[in-house]
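Undergrad: mind looking at a prediction? Sequence and model below.
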Amino acid sequence: MSINSIVEELRKNISAFEKTVQTEEIGSVIEVGDGIARISGLTKCQASEMLEFPNGTFGVALNLEEETIGAVLLGEFKHIKEGDTVKRTGRILSVPVGEELIGRVVNPLGQPIDGGAEIRSKKFYPIEKVAPGVMTREPVSQPVQTGIKSIDAMFPIGRGQRELIIGDRQTGKTAVVVDTIINQKGQNMICVYVAIGQKESKIARMVAKLKETGAMDYTIVVTAGASDPASLLYIAPYAGVAMAEYFMDQGKDVLCIYDDLSKQAWAYREVSLLLRRPPGREAYPGDVFYLHSRLLERACRRNKEAGGGSITALPIIETQAGDVTAYIPTNVISITDGQIFLESDLFYRGIRPAVNVGISVSRVGSAAQIKPMKKVAGKMKLNMAQFRELEAFAQFASDLDPETKKQIDLGQRLVEILKQPQFQPMPVANQLAIIYAVSNGFANDVEVDNVREWEAKLHEFMNQTKSVLLEKIDAGEWDDKVEAELKVAIEEFKKR
């Protein structure tokens, strides 16, 4: 190669050279322990910004103080020590979203933990987002069928509603939401189940059941296990709702379940106390109400101008000895549109799901029911409440006047038909058939102990011979003609 050509090559390279300056803001760890790091030097750090620690560990900036930053560490932190360098990423904490997550079990950072392939999502949503404004919302009017008779009949849940499920531990709260997920098959609903502080064995059993029933085909499971750091338990619900918001932005309906927010509040209290925030009532920080309100306000039904779509939230709260007046339960009750209270005494008496009719309520009410269920189940809650009042007198049945005895007999039969085994959600038309039959006295001559067997035979008869009628009811048809058809069908069943 000649000298001229070398000089020419050098000239080209020099003229093509562009000087670029890349700046990185770097700080250092001044204190670390219990999943919390205190950092100095990051003067321009933003709230909830992701920070990069050595060995690929990330943290989130929570406390922005004058001299230092308090960050929670997401994941393993034993290798982090005083003096380590910390880099700003410039990104607010985000999670991957999209169709690729459906059918997968992921951690709160969107990383798969089910042993499957890596999730290659191109879209990321921030976990913290301002809830849709009032003018972009519309009233709740479409039902979310849970497949659970006592809920669909008396405490209906609508698309875009927030319905709290509350009760002591081991009263069947998770069973209610798992049945609801299973019942969404063919209902055009995507489900996001967020497990917070649950045992991994319990999650594995639940995922196996969802796969067995085909429910994982439309479900994302986000799990922060009991052995995970408090920081992951704190961000898990926000990660779940961010994944749900992606589908809502596509105009789809999503069911989001948080199991349970009591454990999230405990994790947040732990993080806050370690960050030396002042403790308030029951040692919770002052913003614990905001912790849950900014999460649950993101559930709504958007109007067509805003793109449509909805997120229905079913938060779960665990009570201690049935005390719904404690700090966290009252906070969440005030944010939600009703609550389903599961009572230990009913559960131990074999009434499952153990729904307490007196305390439970849906503030959306019959607006979220199909017309037939609205007509048939209207009096049911009143009948059940009256029965609970009179139940104490049931043992003195011989001394009661005929009207009271009739009320008690009806209540006993209604209690029997509202019992439902787990993993067996029931189509709404079948629910309506049995509620109509019992409420209108068709089961009065059936012994209370035999009511459930009678119910099973009625469903079998209806499914085999009256499928067209069930389809009509399912489609929301209800008039004198349909009611007469149902009455004739039940009478025909009784003759058989």
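TA: Thanks, I have the structure now. On a predicted model such as this, the values are computed, not experimentally measured, just so you know.
Undergrad: burial measure for residue 383, as a count.
TA: Residues lying near residue 383 (other Cβ atoms under 10 Å) number 18. Any C-beta I mention is one placed from the backbone N, CA and C, and that applies to glycine too.
Undergrad: what residues does it make contact with?
TA: The neighbourhood of residue 383, defined by Cβ atoms under 8 Å, 6 or more residues apart in numbering, consists of 407, 410-411, 414, 439.
Undergrad: contacts only, for residue 434.
TA: If you count contacts by Cβ under 8 Å, 6+ apart, residue 434 has them with 149, 417, 455, 458-459.
Undergrad: widest-spaced pair of these?
TA: Greatest spacing in the contacts of residue 434, by Cβ to Cβ: 149 and 458 (13.2 Å).
Undergrad: if you count surrounding residues, which of the two has more?
TA: A direct count of neighbours by other Cβ under 10 Å for residue 149 and residue 458 places residue 149 higher, at 26 against 22.
Undergrad: what pLDDT does the closest residue to the more buried one other than its chain neighbours get?
TA: In this structure, residue 149 finds its nearest non-sequential neighbour in residue 431, 4.9 Å apart by Cβ to Cβ, 6 or more residues apart in numbering. You'll see residue 431 listed with a pLDDT of 96.
Undergrad: same thing with residue 397?
TA: According to the prediction, residue 397 has pLDDT 58.
Undergrad: next: residue 81.
TA: Listed pLDDT for residue 81 reads 92.
Undergrad: report the secondary structure state of the closest residue to it other than its chain neighbours.
TA: Spatial nearest neighbour of residue 81, excluding adjacent residues (Cβ to Cβ, 6+ apart): residue 32 at 6.6 Å. Using DSSP: H, G, I helix; E, B strand; the rest coil, the structure places residue 32 in strand.
Undergrad: hmm, back to that, and of the contacts of residue 434, the nearest to residue 231?
TA: Of all those, residue 231 sits closest to residue 149, with 40.4 Å by Cβ to Cβ.
Undergrad: look up how far residue 455 lies from that closest one.
TA: In this view, residue 149 and residue 455 are 10 Å apart by Cβ to Cβ, to the nearest Å.
Undergrad: any residues in contact with both of these two?
TA: Joint contacts of residue 149 and residue 455 (Cβ under 8 Å, 6+ apart) are 417, 434.
Undergrad: would you list the contacts of residue 383 in a markdown table and tack on distance to residue 291, pLDDT and neighbour count?
TA: Output for those, formatted as a markdown table (distance: Cβ to Cβ, whole Å; pLDDT from 0 to 100; neighbours: other Cβ atoms under 10 Å):
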| residue | distance to residue 291 | pLDDT | neighbour count |
| --- | --- | --- | --- |
| 407 | 45 | 88 | 17 |
| 410 | 44 | 91 | 21 |
| 411 | 41 | 91 | 20 |
| 414 | 39 | 94 | 23 |
| 439 | 42 | 92 | 20 |
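Undergrad: just the ones of the residues you listed in helices?
TA: Assigned to helices by DSSP state H, the following of those qualify: 407, 410-411, 414, 439.
Undergrad: and stretch 359-366, how far out from the chain's middle?
TA: Relative to the chain's own centre, stretch 359-366 is displaced by 17 Å; criterion: Cα atoms, centre = their mean, to the nearest Å.
Undergrad: neighbours of residue 323, just the number please.
TA: Neighbours of residue 323 (other Cβ under 10 Å): 10.
Undergrad: about what we covered before: tell me the one of the contacts of residue 434 nearest residue 390?
TA: residue 417 (18.2 Å).
Undergrad: list the helices and strands whichever strand or helix holds that closest one packs on?
TA: Per DSSP states H and E, residue 417 falls inside helix 402-418. The contact analysis (3 or more Cβ pairs under 8 Å, 6 or more residues apart in numbering; DSSP states H and E) places helix 402-418 against helix 149-154, helix 380-390, helix 428-439, helix 451-465.
Undergrad: and residue 56, how far from residue 231?
TA: Residue 56 is 16 Å from residue 231, by Cβ to Cβ.
Undergrad: the more surrounded of these two?
TA: More crowded of residue 56 and residue 231, by other Cβ under 10 Å: residue 231, with 26 against 8.
Undergrad: A helix includes the more buried one, no?
TA: Yes. Remark: residue 231 belongs to a helix, assigned using three-state DSSP.
Undergrad: state the distance from it to residue 60.
TA: Here residue 231 is placed at a distance of 7 Å from residue 60 (Cβ to Cβ).
Undergrad: what residues do those two have in common as contacts?
TA: Residues touching both residue 231 and residue 60 by Cβ under 8 Å, 6+ apart: 72, 74.
Undergrad: how about the secondary structure of residue 165?
TA: Taking three-state DSSP as the rule, one finds residue 165 in the strand state.
Undergrad: what residues are up against it?
TA: By Cβ under 8 Å, 6+ apart, residue 165 lies in contact with 173, 176-177, 314-317, 339-340, 342.
Undergrad: as CSV, those residues with secondary structure and distance to residue 361 would be great.
TA: Below are those laid out as CSV (DSSP: H, G, I helix; E, B strand; the rest coil; distance: Cβ to Cβ, whole Å):
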residue, secondary structure, distance to residue 361
173, helix, 17
176, helix, 16
177, helix, 18
314, strand, 15
315, strand, 15
316, strand, 17
317, strand, 15
339, strand, 7
340, strand, 9
342, strand, 14
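Undergrad: need those residues in TSV (columns: neighbour count and distance to residue 348).
TA: Listed next are those as TSV, based on neighbours: other Cβ atoms under 10 Å; distance: Cβ to Cβ, whole Å:
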residue	neighbour count	distance to residue 348
173	23	15
176	25	17
177	23	21
314	27	24
315	28	25
316	24	20
317	26	20
339	25	21
340	27	18
342	27	12
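Undergrad: picking that back up, mean pLDDT lowest where, among the helices and strands packed on helix 402-418?
TA: Among the helices and strands packed on helix 402-418, helix 380-390 carries the lowest mean pLDDT, a mean of 85.
Undergrad: which parts of it count as buried, going by neighbours?
TA: Neighbour-count burial for helix 380-390, counted by 16 or more other Cβ atoms under 10 Å, picks out 380-381, 383-384, 386-387.
Undergrad: quick one: that helix to helix 402-418, angle?
TA: Angle, helix 380-390 to helix 402-418, by axes from the mean of the first three to the mean of the last three Cα atoms, to 10 degrees: 120 degrees.
Undergrad: quick one: residues contacting residue 195.
TA: Contacts for residue 195 (Cβ under 8 Å, 6+ apart) come out as 202-203, 206, 221-225, 236, 259.
Undergrad: any idea how far it lies from residue 233?
TA: Residue 195 is 10 Å from residue 233, by Cβ to Cβ.
Undergrad: so what sits against both of these two?
TA: With Cβ under 8 Å, 6+ apart, residue 195 and residue 233 have common neighbours residue 224.
Undergrad: pLDDT below threshold where in this structure?
TA: Within the chain, the stretches with pLDDT under 70 are 1, 18-22, 393-398.
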